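Asks: Next input, structure requested:
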Amino acid sequence: MSDNLFTAAGLEKSAPQPLPDRLRPKKLADVVGQPHLTGEDGTLTRMLRTRSLGSLVFWGPPGTGKTTVARLLARETDLYFQQLSAIFSGVADLKKHFEAARGRRQTGQGTLLFVDEIHRFNRAQQDSFLPVMEDGTVTLVGATTENPSFELNAALLSRAAVLVFRPLDSDALGKLVERAEKEEGRRLPLDEEARGVLLRMADGDGRAVLALAEEVWRAAGKDETFDAKRLQKVLQRRAPIYDKSQDGHYNLISALHKSVRGSDPQAALYYLGRMLDAGEDPMYLARRVIRMAVEDIGLADPQGLVQANAAKEAYHMLGSPEGELAIAQAVVYLATAPKSNALYKAYGAARRTAKEAGSLQPPKHILNAPTKLMQAEGYGAGYAYDHAQEEAFSGQNYFPDELERQDFYVPTGRGFEAELKRHLDHWDRLRRERTKDEDET
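Replies: Numbers count the residues shown, from 1 in each chain. The predicted structure is shown next:
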């Protein structure tokens with residue numbers, strides 16, 4: 001049955017309508033949680049005020065109003081609203097919508113083509129939008145939960161402004177709950193603490209908080225009020241928004257790594273808990289912890305790598321959930337350890353010099369000479385065996401003759417690197433003294 005027949009028959013009035021649909025805003029000013037876009041001085045408000053609406057890409061998590069705002073833009077600009085999903089559409093569908101838009105354009109009617117999950121289209125499909133965007137056949141509004149910089153073609157992005165939709169904060173979610181209570185004509189049967197828990201369960205998703213509210217109303221008995229514990233039992237628990245292969249994954253691992261680097265074990269434990277709670281592979285986290293140990297602690301505390309490796313082995317032995325505690329221990333150890341990226345920088349500099357300098361021969365005095373020919377060529381001649389020297393240090397040059405001595409590794413003086421710095425400074429002094437003596441003789 002078509003939508004028109006459905007409406008004409010009056011069946012839409014008797015069909016159950018979810019609360020999020022009933023509360024869908026009627027104008028941009030009613031949209032909550034996006035004041036930077038829909039507020040009095042918001043980006044979209046200014047565009048409408050100056051009649052300068054162009055093609056757009058809406059980037060943000062689910063339930064933040066992307067589809068609703070697209071509908072409202074079409075209504076407020078008198079554009080025909082056409083919606084399609086990249087998940088269920090192919091090239092044939094696109095061609096059909098483009099032809100329909102061309103037909104409407106000939107009659108003076110513009111088209112706002114809203115494409116949900118636009119990042120699901122491949123490169124060729126994304127390129128097909130370019131001609132109809134350029135000639136004004138459609139005003140494209142694409143919605144994506146993934147970073148457009150990575151998922152959308154540069155050509156498409158150059159023709160569309162990217163607007164960021166933010167997760168709804170507790171105030172915005174609270175306004176939606178208040179609207180729901182007004183719509184239902186009754187308050188949610190929750191005490192103050194449970195109300196806060198409900199908002200946190202929504203995880204910034206406006207559609208989710210309304211769906212959760214409906215569940216509460218359905219589950220509550222007459223004159224029953226849920227506390228936080230009862231609420232969690234009734235609703236179970238909504239999984240955090242977190243795609244292990246996409247943006248959420250990279251954002252959280254970045255936050256974990258930077259919290260360790262920033263010596264904040266409290267924040268580091270929080271992000272570790274977020275990732276484990278969302279189902280991240282603990283062995284992935286264990287490998288990243290090892291990377292933190294060598295990249296951000298290094299020789300300032302050599303035990304950091306020992307702790308990180310031990311955590312990996314402990315998890316491998318114990319499994320989940322007991323082994324996760326070992327990873328948490330390593331995270332806290334690294335976050336509280338002295339920090340140094342001296343080794344990380346030294347290795348990078350050494351690699352660059354090795355690549356740029358080419359295949360230089362080591363100095364002959366440190367080359368082995370197993371044959372008479374090699375001895376005759378001077379291999380091994382003049383080599384000073386360090387253990388036979390005073391302080392077990394010869395001070396000889398080990399770099400190629402064509403390459404000046406380089407100081408790749410410069411200890412920070414923090415943690416164990418303070419001891420290493422003392423050794424290096426001592427050897428540098430001896431090297432200068434012995435080089436000076438050789439020059440004088």
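
Asks: Spell out the secondary structure type for the residue most central in space within the chain.
Replies: Residue closest to the mean C-alpha point of the chain, counted by CA atoms, centre = their mean, is Asn251 at 2.3 Å. The three-state label given to Asn251 by DSSP: H, G, I helix; E, B strand; the rest coil is helix.

Asks: State the distance from it to Phe114.
Replies: 26 Å (CB to CB, to the nearest Å). For every residue, glycine as well, the C-beta is placed using N, CA and C.

Asks: cool, Ala278 as well?
Replies: 29 Å.

Asks: So which of those two has more stuff around it?
Replies: Neighbour totals were compared for Ala278 and Phe114, and Phe114 leads with 26 against 16 (other CB atoms under 10 Å).

Asks: Test my guess that the more buried one contacts Thr68.
Replies: No: using CB atoms under 8 Å as the test, Phe114 is too far from Thr68 to be in contact (10.5 Å).

Asks: Name the spans of this protein whose pLDDT lies under the cut-off.
Replies: The model of the chain has pLDDT under 70 over residues 1-16, 237-247, 437-441.

Asks: Can you give me the domain boundaries for it?
Replies: Segmentation of the chain into domains, based on automatic domain parsing, reads 34-164, 170-235, 247-336, 358-440.

Asks: Reformat the ones you listed as CSV; add distance to Ala349.
Replies: Shown next, in CSV, are the domains of the chain (distance: least, CB to CB, whole Å):
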stretch, distance to Ala349
domain 34-164, 29
domain 170-235, 43
domain 247-336, 14
domain 358-440, 5
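
Asks: Specify the stretch among these that is closest to Lys26.
Replies: When the domains of the chain are compared by CB to CB, domain 34-164 sits nearest Lys26, at 7.9 Å.

Asks: tell me how far the ends of that closest one are from each other?
Replies: The straight-line separation of the ends of domain 34-164 (CA to CA, to the nearest Å) is 9 Å.

Asks: cool, stretch 82-100 as well?
Replies: Using CA to CA, one end of stretch 82-100 lies 10 Å from the other.

Asks: rewinding a little: just so I know, which of the domains of the chain lies nearest Ala342?
Replies: So among the domains of the chain, domain 358-440 is nearest, using CB to CB, at 5.4 Å.

Asks: What's the separation between Phe88 and Thr43?
Replies: For Phe88 relative to Thr43 (CB to CB), the value is 30 Å.

Asks: now Arg432
Replies: Separation of Arg432 from Thr43 (CB to CB): 62 Å.

Asks: So which of the two has more stuff around it?
Replies: Thr43 (16 against 11).

Asks: show me what contacts the more buried one?
Replies: 36-37, 163 (CB atoms under 8 Å, 6 or more residues apart in numbering).

Asks: which residue ranges form the strands in the stretch 1-150 of the chain?
Replies: 56-59, 80-85, 111-116, 139-144 (DSSP state E, counting those that start in this stretch).

Asks: ignore the last one, the stretch 151-300 of the chain
Replies: Counting by DSSP E, counting those that start in this stretch, the stretch 151-300 of the chain has strands at residues 161-164.

Asks: which of the contacts of Thr43 count as buried?
Replies: 37, 163 (16 or more other CB atoms under 10 Å).

Asks: Closest one of the contacts of Thr43 to Ser55?
Replies: Closest approach between the contacts of Thr43 and Ser55, by CB to CB: Leu163, at 11.1 Å.

Asks: what about the closest one, distance to Asp30?
Replies: Per CB to CB, Leu163 is found 18 Å from Asp30.

Asks: quick one on the thing from earlier: residues contacting the residue nearest to the centre of the chain?
Replies: Contacts of Asn251 (CB under 8 Å, 6+ apart): none.

Asks: The one 4 residues further on now?
Replies: Contacts for Ala255 (CB under 8 Å, 6+ apart) come out as 267, 271.

Asks: Could you tell me how many residues sit around Ala213?
Replies: For Ala213, using other CB under 10 Å, the count is 22.

Asks: How much space separates Asp171 from Lys222?
Replies: 31 Å.

Asks: How about Arg230?
Replies: Applying CB to CB, the value for Arg230 to Lys222 is 15 Å.

Asks: Look at these two and report which has more neighbours.
Replies: Set Arg230 next to Lys222 and count neighbours by other CB under 10 Å: Arg230 wins out with 17 against 5.

Asks: Which residue, neighbours along the chain excluded, lies closest to the more buried one?
Replies: Ranked by CB to CB, 6 or more residues apart in numbering and with sequence neighbours excluded, the top spatial neighbour of Arg230 is Ala194, at 7.4 Å.

Asks: That neighbour against Leu231, yeah?
Replies: Yes: using CB under 8 Å, Ala194 is in contact with Leu231, at 4.4 Å.

Asks: top helix in this structure by residue count?
Replies: helix 417-440 (DSSP state H).

Asks: what's that helix in contact with?
Replies: Helix 417-440 is contacted by residues 298-300, 338, 340, 342, 391, 393-395, 409, 411-413 when judged by CB under 8 Å, 6+ apart.
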